[in-house]
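Q: What would the 3D arrangement of this be:
(2 chains)
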Amino acid sequence: MDVAQLAKVSDHEWRLDPRGRMRVPAILFGDQVLLEDMDDKVLAQIENVACLPGIVEAAYAMPDAHWGYGFPIGGVAAFDAEAGGVVSAGGVGFDISCGVRTLLTGLKRADIEPVKAELADSLARNIPAGVGSTGKIMLDAREMDAMLAGGAVWALTQGYGRPEDLHRIEEAGRMAGAEPDAVSEQAKRRQRDETGTLGSGNHYLELQEVVEIRDPVAAVAFGLAKGEIVVSIHCGSRGLGHQIGTEFLREMAIAAMSLGIALPDRELACAPLASELGRRYLGAMRAAINCALANRQVLTHLTRRVFSHYFPAASLDLLFDVSHNTCKEEVHRVAGRRRNLFVHRKGATRAFGPVHPDLPPGLAATGQPVFIGGSMGTASAIMVGCANRPERAFASACHGAGRQMSRHQALKRWRGRKLVDDLAEAGILIRSPSMRGVAEEAPGAYKDVGAVVTAAEAAGLARTVAMLRPLVCIKG
Amino acid sequence: MPRKRRGGGPRVSAAGAIGSRGLRAHLFAHGADVGVRGIGPSREAAFEQAALALTSIVTEPAQVRPEKVVCVECEAPEDGLLLVDWLNALIYRMATKKMLFGRFAVTIDGHRLRGQAWGERVDRERHRPAVEPKGATYTALKVAPNKAGRWVAQCVVDV
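A: Next up, the predicted model:
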């Protein structure tokens, strides 16, 4: 990206003033190197987002932004229904409510090492992952609707997890306003045997060691200690979310013209929040959020079961579960006025600062945990929402390192088997049914997570609490 | 008039190979996702090749045995949407039937498509599936003849 076309607000914030059909400015976070490494299409896409009806304040791109479809991955935008605002299926993405949850094991690396390979194998056997995998849960029509309405709360009623888990999940584990009736039979069919599966691509289950504490106070509040092991699970709403995304993207793209919405890019397909289509999408999308929450809850149960075999005393308490492909109705202060907004975060996470009313009591004093997924060979980070700039980009932060290289390029450069062997030498065990899939997810295909985290912190989006290093990675 | 199929046998590798008779199925780079492109002497052939490219995201199409045939019908207001609908119909069947497809036949009448896909159930040992396609998108979407007069059918697939 050519930064010369942007106004530099600070070392980590850049601004594109409205031009053409833009209704608001575009704000991009990151240092000059990160921005220069971004594809030109990131700017084109965030500029397009700024053209959508009812957008408020600005269209934002996080430091890990990369070329998506419609919205860039790492894009944040909020819309006001009373100002003709829209909801965009492309602004949420196909993998609705894809997210990360992190479990605290209380174990040290020395506890893990003697059984690491065995534990990795056991997790690979017990966590359904990859193309064609199915879960053990087969949902009939009634159970499907109950799951879509209940999310992690439903999973709990089925015996997956513990009541205290719900206090550490966004929306207390159940997204209100879900409408299972707005979800097509095709989407439900796609999900029938996929609950409790990890998926493929960049989804993973990792054992990670806390290698550095940068904010001791927040770390204590989060239950993090240097040298201890956590488990992070990254996955989403599986086939149901993909099908909802597919169907509504098409319906919104076709309906846009009749609704009087001129789309700068068909992938920005959207509908007025006040329209029947917009309301129906919100109902379906919220049901998909519940699907993702239920999915991660079931995977948590499976993980705990594996760990209980090796470490009966380890409880694997949930630190937090955060989604990063959503549109959520939230109240934000804009230009001194409280406004009810629909905040799209595509490849971006919510990052509430301390005392936010939606935070659970145990996190109110510290702020919301924010998980920044790295690659299987580098690092991940745990950050926390900021106290000093709680409304920054509608309380949003980045979600990962972000790719710097396409899958196609990665496949040309690396061989999966060699990567697995090299990482094993470095103490990181990879378990995956596909060596090609491993090559596509090579650590070198991702940006430097450290640079992304530094930029997010410098931009005031979130503050770093701890850095993690992978020890075991289960890939789909 | 529905056109006769030109044949959509497996002629693609994961890295993208040029096939015979002017047919080509390959992948192109797109950030976190991947683009599929089919080229052929007709719109139908290009759609078949795009479907082959879709399979090549997951596995080598030549590894997929044509044990079962699945029929697909879709209709859209224009060619671009029709391509996305065709690929999404295949993705849906891959997901719900746990199948992979290695051969395709397409007829198109106006903007109504009838397709057949031959394949088999996913065999994780033999296919070593790399990644699961989530949905075909409207990004880099194109259905049109190129300068050489060959039809190109392409879009980005979210994986």
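Q: now the helix ranked longest in chain B, how far from the chain's geometric center?
A: Ranked by number of residues, the top helix in chain B under DSSP state H is helix B:79-97. Put simply, helix B:79-97 sits 9 Å off its chain's centre (Cα atoms, centre = their mean, to the nearest Å).
Q: same thing with stretch A:284-293?
A: For stretch A:284-293, the distance to the chain centre is 13 Å (Cα atoms, centre = their mean).
Q: same deal with stretch A:393-411?
A: Relative to its chain's centre, stretch A:393-411 lies at 11 Å (Cα atoms, centre = their mean).
Q: cool, stretch A:324-344 as well?
A: 18 Å.
Q: Spatially nearest residue to the residue nearest the centre of chain B (excluding sequence neighbours)?
A: With distances taken as Cα atoms, centre = their mean, the residue of chain B nearest its centroid is residue B:51 (0.7 Å). Distances taken as Cβ to Cβ, 6 or more residues apart in numbering or on different chains put residue B:104 closest to residue B:51, at 4.4 Å, once the chain neighbours are dropped. In short, each C-beta sits where N, CA and C put it, glycine included.
Q: and that neighbour, helix, strand or coil?
A: Look at residue B:104: counting by DSSP: H, G, I helix; E, B strand; the rest coil, its state is strand.
Q: For my notes, confirm residue A:241 occurs in a helix.
A: Yes - under three-state DSSP, residue A:241 falls within a helix.
Q: and it, what is it in contact with?
A: A:94-98, A:288, A:291-292 (Cβ atoms under 8 Å, 6 or more residues apart in numbering or on different chains).
Q: these two touch, right, residue A:231 and residue A:210?
A: No - applying Cβ atoms under 8 Å, one finds residue A:231 not in contact with residue A:210, separated by 11.9 Å.
Q: For these two, indicate the residue with more neighbours.
A: Using other Cβ atoms under 10 Å in any protein chain shown as the criterion, residue A:231 and residue A:210 rank with residue A:231 on top: 26 against 22.
Q: which residues does that one bridge with?
A: Taking DSSP bridges as the rule, residue A:231 bridges to residue A:103, residue A:207.
Q: Quickly note the distance from it to residue A:368.
A: To residue A:368, residue A:231 is 19 Å away according to Cβ to Cβ, to the nearest Å.
Q: for the contacts of residue A:241, which one is nearest chain B?
A: residue A:94 (4.3 Å; Cβ to the nearest Cβ).
Q: distance from the centroid: which residue in chain B tops it?
A: residue B:125 (23.1 Å).
Q: Phi and psi next, for that one.
A: phi -70, psi -50 (degrees, to the nearest 10).
Q: try the one 10 residues further on
A: The main-chain torsion angles of residue B:135 are listed as degrees, to the nearest 10 and equal phi -180, psi 150.
Q: how many other residues sit next to it?
A: Neighbours around residue B:135, by other Cβ under 10 Å: 27.
Q: Leaving aside the residues adjacent along the chain, what's closest to it?
A: Nearest one to residue B:135, counting by Cβ to Cβ, 6+ apart, is residue A:246 at 4.2 Å.
Q: Is the longest helix of chain B positioned near chain A?
A: Yes - counting by Cβ under 8 Å from any Cβ of the partner chain, contacts between helix B:79-97 and chain A involve B:81, B:84-85, B:88, B:91-92, B:95-96.
Q: Flag whichever of the contacts of residue A:241 scores worst on pLDDT.
A: Least confident entry in the contacts of residue A:241, by pLDDT: residue A:94, with 89.
Q: what residues are up against that one?
A: Contacts of residue A:94 (Cβ under 8 Å, 6+ apart): A:241-242, A:245-246, B:134-135, B:137, B:158.
Q: switch to 10 Å and redo it
A: Taking Cβ atoms under 10 Å, 6 or more residues apart in numbering or on different chains as the criterion, residue A:94 is in contact with A:69, A:236-237, A:241-246, A:249, A:288, A:325, B:33, B:133-137, B:157-159.
Q: can I assume it sits in a strand?
A: No - read with three-state DSSP, residue A:94 is coil and lies in no strand.
Q: So which residues on the stretch 351-476 of chain A come close to chain B?
A: The interface of the stretch 351-476 of chain A toward chain B, taken as Cβ under 10 Å from any Cβ of the partner chain, is made up of A:400, A:402-412, A:416, A:432-441, A:445-446, A:475-476.
Q: can you do 8 Å?
A: Looking at chain B, the residues of the stretch 351-476 of chain A close enough under Cβ under 8 Å from any Cβ are A:402-403, A:406-409, A:411-412, A:433-437, A:440, A:476.
Q: Which members of those residues are classed as buried?
A: A:402-403, A:406-409, A:411, A:433-437, A:440, A:476 (16 or more other Cβ atoms under 10 Å in any protein chain shown).
Q: hmm, which helix or strand of the chain has the shakiest average pLDDT?
A: Picked chain A for this. Ranking every helix and strand in chain A by mean pLDDT, DSSP states H and E puts helix A:407-413 at the bottom, with a mean of 89.
Q: So what's the gap between it and the chain middle?
A: Worked out by Cα atoms, centre = their mean, helix A:407-413 lies 24 Å from the chain centre.
Q: got it, and stretch B:152-159?
A: 9 Å.
Q: swap in stretch A:460-468?
A: For stretch A:460-468, the distance to the chain centre is 16 Å (Cα atoms, centre = their mean).
Q: average model confidence for it?
A: On average, stretch A:460-468 scores 97.
Q: Ok, stretch B:38-52 next?
A: Mean predicted confidence for stretch B:38-52 is 97.
Q: for stretch A:23-41, same thing?
A: Here the average pLDDT along stretch A:23-41 is 95.
Q: What's the local residue count around the closest residue to residue A:213 other than its chain neighbours?
A: Using Cβ to Cβ, 6+ apart and skipping residues adjacent in sequence, the residue nearest residue A:213 is residue A:219, 4.7 Å away. Each residue near residue A:219 was counted by other Cβ under 10 Å, and the total is 20.
Q: where does residue A:219 fall, phi/psi-wise?
A: Torsion angles, degrees, to the nearest 10, at residue A:219: phi -60, psi -40.
Q: Would you confirm that it contacts residue A:225?
A: Yes - at 7.0 Å, residue A:219 counts as touching residue A:225 under the criterion of Cβ under 8 Å.
Q: quick one, phi/psi of residue A:202?
A: Here residue A:202 shows phi and psi, under degrees, to the nearest 10, equal to phi -90, psi 10.
Q: Neighbours of it, how many?
A: That count, for residue A:202 with other Cβ under 10 Å as the rule, works out to 26.
Q: Find the nearest non-adjacent residue to it, please.
A: In space, residue A:202 is closest to residue A:441, 6.2 Å off (Cβ to Cβ, 6+ apart).
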